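In: Model the following, please.
(2 chains)
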Amino acid sequence: MKSLQGKPTELLAILGMGVLMLAIWEFLPPALGVPKYIIPTFSDCLNELSRMFARQDMLGHTVSTLISTVIGFILGSLLGAACGYLLGMSPLAEKVLSPYILGLQIAPKVAFAPLFIIWFGYGDIPKLLVTVLIVFFPILVNVLQSMKTVDHDLVNLARVYSMNRWTIFRKIEVPSSLPNLFAGLRIGATLAVIGVTVGEMVGGNTGLGFLITYGEGQANTAMVFNAIIFLTIIGIALYFAVSGVEKRVLHYLERNDQH
Amino acid sequence: MTSSLDLQNITKVFTDAKTGSSVTAVTDMSFSVAPGELVAVVGPSGCGKSTILNMVSGLYGPTEGRVLLDGKPVTGTRPEVGFMLQKDLLLPWRNIVQNVEFGLEEKKMSRADRRAKAMEELTRMQLVDFADKYPHHLSGGMRQRAALARTLAIEPEIILLDEPFSALDAQTKLVLQRHFARTIAETGVTCVLITHDLNEAVILADRVVVLSGRPGRVIDEFEIDLPHRTDPLKRSLEPQAGVYVKRLFDALHLEDQDAA
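Out: Next up, the predicted model:
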């Protein structure tokens, strides 16, 4: 992000690199005799993309995935932050629950997708659940960590000013935790796309994840490529949306790139 | 209004919840501070200086003995107590004027009154131009001045200072000490200044209490009879000032301690 705002020569170099990679993609596989169904060229993908928009409802699938990602991300974030703050306020609960949280955190969340389909059928719920689950933990862990490292002297200052527990939480602990919360949200934003993709691949007939399995079944490699690229774009958009909000909210922090 | 402070035979024992071992921070300590007086408390590290402040501010009580403010025992935190540490404790997410308002937010006063009071304190601290700046824009000395503005805004009856100048460079320290001495004299508030800087104790205080190493108890106590209470720099140039510093030096047996 920073380099994009840098000198024009840097920008030119970045664009040049992109053009070079596209050129390699376009001309190298045919030159080596690699067939289309293994590696489709850039232009093959573009042709397939316009066909997908015209015939395959690419727009609908993209919007569906985007909405699932955003909803899953928001729900997972809210839940993760809420649990993080609650556990942070109760050292006892944290001690009792932390081994289980650690276990769940290590368990591969995407492996739950088939289970959710068994339980909830082929609808929107399984993919949302996978997304919520995968977004939940990094945010929970980051918030909990920040609650444990709040400056004790700030809390004492608030206590000397006769503030009660709830006021201290609102005025000291929550603002102190925001940098950590946003670090968790940025991780969650990239993970949300993974959750939705897996959910769509395992079950259902909408979304870019579905197009990947569908394209695979048809040996339509260009379709798989396009779906992956669009998923990446959604992930990048969500990440920059979160870090844009972060920059506004945490404007008071010293940043190295300002100097 | 300013308060008197009385510490009567204070003992404070900390017990480690895990190991069960206990540490006596201060033992049988008594001293008092008259209304409007500035008393410096000096002592080696680990003599329980910060423990005293926490007990006076009501964050926790003594194991034995009593802490009296205006003759009444301290049972919990009270809004009349101001509190300043080596760290400025400014909230980085609030600008300077909002930081000064922080202590006023638990008082029943309108938003406008709060802002007016905060601006009044910032004027006194010559920080009006920085009211809407954030703490990281300010130098260490300015931040500590903002912290003093926040402390004074609540119109405390007593101010507890825990080495408030020790993190500053020598020059800033001198300027701030003078600024501080004038402001304290103006408001006439009672002060307890915890410091390990013997010179600072002599040039700022009306009286000095010397504590022993852990467990801390009072080993010496004397008045500082020097002019220029509002100008520490001038005070430090008084020939008698050196004599007081020497007395503190001797009381703490510093010459017996090897630098090695």
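In: in the chain, which spans are strands?
Out: I went with chain A, as the question did not name one. In chain A, no strands are defined using DSSP state E.
In: Please refer instead to chain B.
Out: Counting by DSSP E, the strands of chain B are B:5-15, B:22-33, B:38-42, B:64-69, B:72-73, B:81-84, B:158-162, B:190-194, B:207-211, B:218-223.
In: Check what contacts stretch A:62-73 and list those residues.
Out: Contact with stretch A:62-73 is made by A:124, A:127-128, A:130-132, A:135, A:188-189, A:192-193, A:195-197, A:199-200, A:206-209, A:230-231, A:234-235, A:238, as judged by C-beta atoms under 8 Å, 6 or more residues apart in numbering or on different chains. Quick note: C-beta positions are derived from backbone N, CA and C, even for glycine.
In: the longest helix in chain B is where?
Out: Determined from DSSP state H, the single longest helix within chain B is helix B:170-187.
In: packing partners for that helix?
Out: With contacts taken as 3 or more C-beta pairs under 8 Å, 6 or more residues apart in numbering or on different chains; DSSP states H and E, helix B:170-187 sits against helix B:140-153, helix B:198-204, helix B:232-236.
In: which parts of the stretch 151-260 of chain B sit against chain A?
Out: Residues of the stretch 151-260 of chain B lying near chain A by C-beta under 8 Å from any C-beta of the partner chain: B:I154.
In: Which residue does the stretch 151-260 of chain B have closest to chain A?
Out: The nearest approach of the stretch 151-260 of chain B to chain A comes at B:I154, 7.2 Å away (C-beta to the nearest C-beta).
In: What's the local residue count around the nearest residue to that residue once chain neighbours are set aside?
Out: Using C-beta to C-beta, 6 or more residues apart in numbering or on different chains and skipping the chain neighbours, the partner closest in space to B:I154 is B:G103 (4.3 Å). Applying other C-beta atoms under 10 Å in any protein chain shown, we find 26 residues neighbouring B:G103.
In: B:E155 is in contact with B:G103, correct?
Out: No - counting by C-beta atoms under 8 Å, B:G103 stays clear of B:E155, with 9.8 Å between them.
In: residue contacts, the residue nearest the centre of chain B?
Out: Residue closest to the average C-alpha location in chain B (C-alpha atoms, centre = their mean): B:L161, at 1.3 Å. Contact analysis of B:L161 by C-beta under 8 Å, 6+ apart lists B:M84, B:C191, B:V192, B:L193, B:I194, B:T195.
In: If we use 6 Å, what do you get?
Out: By C-beta atoms under 6 Å, 6 or more residues apart in numbering or on different chains, the contact list for B:L161 reads B:M84, B:L193.
In: now swap in B:L211 and tell me
Out: Going by C-beta under 6 Å, 6+ apart, B:L211 touches B:G43, B:C47.
In: now do 10 Å
Out: B:26, B:29, B:31, B:41-44, B:47-49, B:52, B:194, B:217-221, B:251-252 (C-beta atoms under 10 Å, 6 or more residues apart in numbering or on different chains).
In: Contacts only, for B:T187.
Out: B:T2, B:G36, B:R124, B:L152, B:E155, B:P156, B:I159.
In: Any chance of a ChimeraX selection covering the buried ones in the residues you listed?
Out: A single ChimeraX command selects the buried members of the contacts of B:T187 (16 or more other C-beta atoms under 10 Å in any protein chain shown):
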select /B:2,36,124,152,155,156,159
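In: Name the residues of the biggest helix by length in chain A that are buried.
Out: Among the segments of chain A that qualify as a helix by DSSP H, the longest is helix A:58-89. By neighbour count on 16+ other C-beta under 10 Å, the buried set for helix A:58-89 is A:58, A:61-62, A:64-66, A:68-73, A:75-77, A:79-81, A:83-85, A:87-88.
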